[in-house]
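[1] make a model of this:
(chains A and B)
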Number of protein chains: 2
Amino acid sequence: MKVSILTIGDEILIGQVIDTNSAWMGQRLNAIGAEVEKTVSVKDTRASIEDGLRVAAEGVDIVLMTGGLGPTKDDITKKVLADYFGTKMYFHEPTWERIQKLFARWGRSTTPAHREQCFMPESATILMNKMGTAPGMWFEHDEKVFVSMPGVPYEMKFLMENEVLPRLQANYQSEAIAHRTILTIGEGESRIAKRIEAFDESLPKNIKIAYLPNLGRVRVRLTGRGGEQADLEALLDKKKEELVQIIPELVYGFEKEQLEEVLGKMLLDKGWTLATAESCTGGHIGHKIISIPGSSAYYTGGVVAYSNTIKNQLLHVSQNTLNEHGAVSEQTVTEMVQGALKTLGSDVALSISGIAGPGGGTPEKPVGTVWMAVGNQDKIITRKLSIGKNRAKNIEYSAVQALNLLRQFLLQE
Amino acid sequence: MKVSILTIGDEILIGQVIDTNSAWMGQRLNAIGAEVEKTVSVKDTRASIEDGLRVAAEGVDIVLMTGGLGPTKDDITKKVLADYFGTKMYFHEPTWERIQKLFARWGRSTTPAHREQCFMPESATILMNKMGTAPGMWFEHDEKVFVSMPGVPYEMKFLMENEVLPRLQANYQSEAIAHRTILTIGEGESRIAKRIEAFDESLPKNIKIAYLPNLGRVRVRLTGRGGEQADLEALLDKKKEELVQIIPELVYGFEKEQLEEVLGKMLLDKGWTLATAESCTGGHIGHKIISIPGSSAYYTGGVVAYSNTIKNQLLHVSQNTLNEHGAVSEQTVTEMVQGALKTLGSDVALSISGIAGPGGGTPEKPVGTVWMAVGNQDKIITRKLSIGKNRAKNIEYSAVQALNLLRQFLLQE
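    Numbering: from 1, shown residues only, chains lettered A, B, ... in the order given. The predicted structure follows:
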């Protein structure tokens, strides 16, 4: 079952709206074994929509369209569709009744544009949209299916889940498909590829590896196709385990887990609380940790020690250390951990201090030099990074690496 | 100048990654007067990339490609491009030298995959990518321009800003176009539209208004087209001034200024230092403030008082206040400001405490209730927000609103 997604609307092309619909549809379609061959976004003019329909329909069985419907703009889209499929428009009484009821419930009155919305192409099966005024439309043409849905995400999702996906599953027998995503941190894409080279070469032809890197983390995805679904799932589970055995220290989770979430579980398992002492990241690590619901169970809080005064007064980094080694040094981040354990009363503390740039570098400590430490009363581990010159990237990357240092500490203890 | 955007990579089509690149590119292209005709996403197989190139090139002058490059996958993409443009691959020594230097600085060694990355199509102009290993490539073919860039957002953005957009602007003469962007905070899109309705109606036909809302902020953009560039610029300057006069208290800046940058300038002007006391945002406000280079001149640091113990011990919020009014209350955020001024030794302090959700709400204080305060030794102002149920959105929105409360305080003092 080959599918394409066609998005209609200027707002996507001028970048006013990010197209999140296509990703959501891609996930759902993938899960039922349908393959999204391409996505296409076009402007909402007649010529662009016609062009988009032609391009989207090439080489696929199903074209799913979103956008171009709604009280102020569905006029063009529906007329183009009616012409494209050689059908006429008629007034669809049930839609008009539904819209009137909807507005009566809201205590509002309809406008002429709403009545206009009820004209539908004759050859379309009308898909009821409980979430809004514009219904979906299902066309069958040239042995292909074309479905038109509104672009409002919750309306599209309602139609996909209640009308489109069930019909596609009923109409198409598709080959088995399964994925396993292994989440890693600590090595780049090419080094991981190198370490699992023999594994990759030993894989049966129906299993493929893909690498999805993102600032210090790499997701390694195994995709299997064909045969019986249950056999395929079992095979992928086996291969996933084999892969993890080759790079065990890099793997922090699977599928959609977040590093922060994994750390939260590790802390909860040990019954330990965490505090942060951040300089160059300014609170970004704390923010990442509290992005997980329920993080108050293990995160007590932090000190953003941006000035040396605060490093000294709140985190008890000695004036001597600051003078002799500087704020960006192994000694300072070590004392920051000790100070945070004391001041913030946690079991474990994490600290970071670096030169985020673009200014502030010296020949000995260039921009991108970052020191970090994690420890408890018994043990402190440290790490130095030498990153680049981009401030935002240095902050983001070093925050993620600090979380990985915490992971390594928790694994050792 | 008609442009299409071609995105290469399975991860987009299976919905593992949301395509944010196209929206960003759409915005930037729009700003230089280029029109994005369509965007196309295809899989990273030879057939799909070839198909994508053909479809993307139809009816446009420029095809901007992202994705399909990187140490483990650029093999296919580059070979398809070389074949498509009828050119051969050669070893590009400068790229190899750059990669080796990069890895030397990181203290890591290269792999054979990195060497493989340095083979480039002969007919391509190589665009230096300071943000990563894979360079960009600029092809001219059949009177069209094709540019290939890595899909990693900050690498793509670097290449667009430093190489692609300047070349496009230099190579294509287009009608005069000018923009003025007025940055506002404090009112929604529809209310701003209502307030400037008469102004909008009075605008000459060659000037259009667009609203670009983003979580509590709305950018109002005036776009003018046609005539002499100098006249157009002068007209837009005049209209911009008129617009600001209608909504002066909402305007925090212009063009690409960031709210955090504007606040930094205001603090520097007054010679005041700032400290933060964050609960529900976990350090996100501090992180926003330090995102601006040079922020150490006015930001001393903060306390992330996630637990009540830290609110009490480090920020001196009284046990009585926490018991009687709770951690999310006007009294608590007021005492947090007082405590932060004392503990962190700043001239001004900002505090925030709220229920980010999804759990933790009560009938009196539902999820999305957030209190914030800003003040100095003489005066403290407070604000309460009632937002929604989405944790990430509550954190982001309330952090931005807290910065606006700081702006209002600085304007008054």
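
[2] switch to C-alpha atoms for all contacts and neighbour counts from now on
    OK.

[3] the residue of the stretch 251-400 of chain A at minimum distance from chain B: what's it in contact with?
    Residue nearest to chain B within the stretch 251-400 of chain A: residue A:283 (3.8 Å; Cα to the nearest Cα). By Cα atoms under 8 Å, 6 or more residues apart in numbering or on different chains, the contact set of residue A:283 is A:302, A:304, B:282, B:283, B:284, B:285, B:286, B:287, B:304.

[4] distance to residue B:42 for those - can I get that in CSV?
    Output for the contacts of residue A:283, formatted as CSV (distance: Cα to Cα, whole Å):
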residue, distance to residue B:42
A:302, 45
A:304, 44
B:282, 39
B:283, 39
B:284, 36
B:285, 39
B:286, 40
B:287, 36
B:304, 44
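
[5] closest one of those residues to residue A:157?
    residue B:284 (31.4 Å; Cα to Cα).

[6] what sits closest to that closest one if chain neighbours are left out?
    residue A:287 (5.1 Å; Cα to Cα, 6 or more residues apart in numbering or on different chains).

[7] secondary structure class for that neighbour?
    The three-state assignment at residue A:287 reads helix, by DSSP: H, G, I helix; E, B strand; the rest coil.

[8] burial count for the residue in the stretch 51-200 of chain A that chain B sits nearest to?
    Among the residues of the stretch 51-200 of chain A, residue A:190 lies closest to chain B, at 5.7 Å counting by Cα to the nearest Cα. By other Cα atoms under 10 Å in any protein chain shown, the residues close to residue A:190 number 19.

[9] give the contact list for it.
    Residue A:190 touches B:71, B:72, B:111, B:113, B:114, counting by Cα under 8 Å, 6+ apart.

[10] distance check, the third one against residue A:191.
    This points to residue B:111. 7 Å (Cα to Cα, to the nearest Å).

[11] who has more neighbours, these two?
    residue A:191 (19 against 13).

[12] state the helix or strand in which the more buried one lies.
    helix A:189-195 (DSSP states H and E).

[13] does the helix or strand that residue A:333 is a member of come close to chain B?
    Secondary structure assigned from DSSP H and E places residue A:333 in helix A:330-344. Yes - counting by Cα under 8 Å from any Cα of the partner chain, chain B has neighbours in helix A:330-344: residue A:344.

[14] partners of the next helix or strand along the chain from that helix in the sheet?
    Following helix A:330-344 in sequence order, the next helix or strand is strand A:348-354 (DSSP H and E). Looking at strand A:348-354 with DSSP bridges, its partner strands are strand A:274-278 (parallel), strand A:369-375 (antiparallel).

[15] winner for burial among those?
    strand A:274-278 (a mean of 31; mean count of other Cα atoms under 10 Å in any protein chain shown).

[16] in three-state terms, label the residue nearest to residue A:199 when sequence neighbours are not counted for me.
    Closest residue to residue A:199 apart from its sequence neighbours, by Cα to Cα, 6+ apart: residue A:243 at 7.2 Å. Three-state assignment for residue A:243 (three-state DSSP): helix.

[17] likewise residue A:139?
    strand.

[18] quick check: it touching residue A:121?
    No - counting by Cα atoms under 8 Å, residue A:139 stays clear of residue A:121, with 9.3 Å between them.

[19] who's more crowded, these two?
    Ranked by neighbour count (other Cα under 10 Å), residue A:139 and residue A:121 place residue A:121 first, with 24 against 21.

[20] nearest spatial neighbour of the more buried one, chain-adjacent residues omitted?
    Closest to residue A:121 by Cα to Cα, 6+ apart is residue A:89, at 4.3 Å.

[21] what's the neighbour count on that neighbour?
    16.

[22] tell me how far it lies from residue A:129.
    19 Å.

[23] so the longest helix belonging to chain A, near chain B or not?
    For chain A, the helix with the greatest residue count under DSSP state H is helix A:391-412. Yes - shown here: helix A:391-412 in contact with chain B (Cα under 8 Å from any Cα) through A:391, A:392.

[24] ok but residue A:240 is inside a strand, no?
    No - using three-state DSSP, the assignment for residue A:240 is helix, not a strand.

[25] tell me the contacts of the nearest residue in space to it that is not next to it in sequence?
    Leaving out its chain neighbours, the residue that sits closest to residue A:240 by Cα to Cα, 6+ apart is residue A:180, at 6.8 Å. Contacts for residue A:180 were tallied using Cα under 8 Å, 6+ apart; they are A:221, A:222, A:223, A:236, A:237, A:240, A:254, A:255.

[26] name the helix or strand for the fifth one, please.
    What that stands for is residue A:237. helix A:229-246.

[27] show the subsequent helix or strand relative to that helix.
    Heading C-terminal from helix A:229-246 (DSSP H and E), you reach strand A:251-254.

[28] pull the CA atoms of that next one into PDB?
    Output of strand A:251-254 as PDB, limited to C-alpha atoms (Å, rounded to 0.1, in the frame of the first residue of the first chain):
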ATOM      1  CA  VAL A 251      22.500   2.700  24.700                       C
ATOM      2  CA  TYR A 252      20.400   4.800  27.000                       C
ATOM      3  CA  GLY A 253      16.900   3.700  25.900                       C
ATOM      4  CA  PHE A 254      14.600   2.500  23.200                       C
END
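
[29] can you list the strands that that strand pairs with?
    Partners of strand A:251-254, by DSSP bridges, with direction: strand A:177-185 (antiparallel).
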